[in-house]
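Trainee: okay, predicted coordinates and the sequence, questions at the end:
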Amino acid sequence: MYKLYIFCPNNPKIIQKIINAASDAGAGILGNYSHCASVIKCESQWKSEAGAHPTIGKVGSVSQVSEVKIEVICPEDKAEKVKKAIKQVHPYEEPAIEFHRLESI
């Protein structure tokens with residue numbers, strides 16, 4: 001099992017699209033509940049380098065934006081499918097998607 005972290009703009013429509021895509025691909029399921037996610041507000045920054053096509057900001061400049069970190073659990077056998085589904089709906093050229101393995105206690 002993985003804990004999946006996805007960073008995206010703090011926009012309710014985008015957030016829900018990402019949660020729906022991840023859940024429809026098999027993430028965010030806890031017992032008899034689906035579409036389970038935590039959404040945490042944060043501030044992020046980056047500098048778009050030459051060759052980038054940023055959704056926000058411009059090449060050569062540091063951009064700062066209000067974002068959210070979406071957290072969902074994801075079975076290992078669904079990880080690739082979930083990652084592909086998120087990338088299809090995520091607005092960023094290079095979305096920040098992290099998988100962290102969970103250990104059973």
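Mentor: Done, it's in. Treat the numbers as computed from the prediction; the structure is a model and nothing was measured.

Trainee: burial of the nearest residue to residue 83 once chain neighbours are set aside, as a residue count?
Mentor: The spatial neighbour of residue 83 that comes closest, neighbours along the chain excluded (C-beta to C-beta, 6 or more residues apart in numbering), is residue 97 at 6.1 Å. All C-beta atoms are positioned from the backbone trio N, CA, C, and that covers glycine. For residue 97, the tally of surrounding residues (other C-beta atoms under 10 Å) stands at 19.

Trainee: show the pLDDT at residue 97.
Mentor: Residue 97 is assigned 94 on the pLDDT scale.

Trainee: separation between it and residue 81?
Mentor: Distance of residue 97 to residue 81, computed by C-beta to C-beta, to the nearest Å: 13 Å.

Trainee: for this protein, what's the longest strand?
Mentor: Ranked by residue count under DSSP state E, the longest strand found in the chain is strand 62-74.

Trainee: tell me the strands beside that one, with direction?
Mentor: Note on strand 62-74: by DSSP bridges, its sheet partners are strand 2-9 (antiparallel), strand 38-47 (antiparallel).

Trainee: then that strand to PDB, C-alphas only?
Mentor: Output in PDB follows, covering the C-alpha atoms of strand 62-74 (Å, rounded to 0.1, in the frame of the first residue of the first chain):
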ATOM      1  CA  VAL A  62      10.300  32.300  -9.900                       C
ATOM      2  CA  SER A  63       6.600  31.600  -9.500                       C
ATOM      3  CA  GLN A  64       4.700  31.300  -6.200                       C
ATOM      4  CA  VAL A  65       1.200  30.000  -5.900                       C
ATOM      5  CA  SER A  66      -1.300  28.900  -3.300                       C
ATOM      6  CA  GLU A  67      -1.600  25.100  -3.800                       C
ATOM      7  CA  VAL A  68      -3.000  22.100  -2.000                       C
ATOM      8  CA  LYS A  69      -1.500  18.700  -1.200                       C
ATOM      9  CA  ILE A  70      -4.000  15.900  -1.900                       C
ATOM     10  CA  GLU A  71      -3.300  12.700   0.100                       C
ATOM     11  CA  VAL A  72      -4.900   9.400  -0.800                       C
ATOM     12  CA  ILE A  73      -4.000   5.800  -0.100                       C
ATOM     13  CA  CYS A  74      -3.300   3.600  -3.200                       C
END
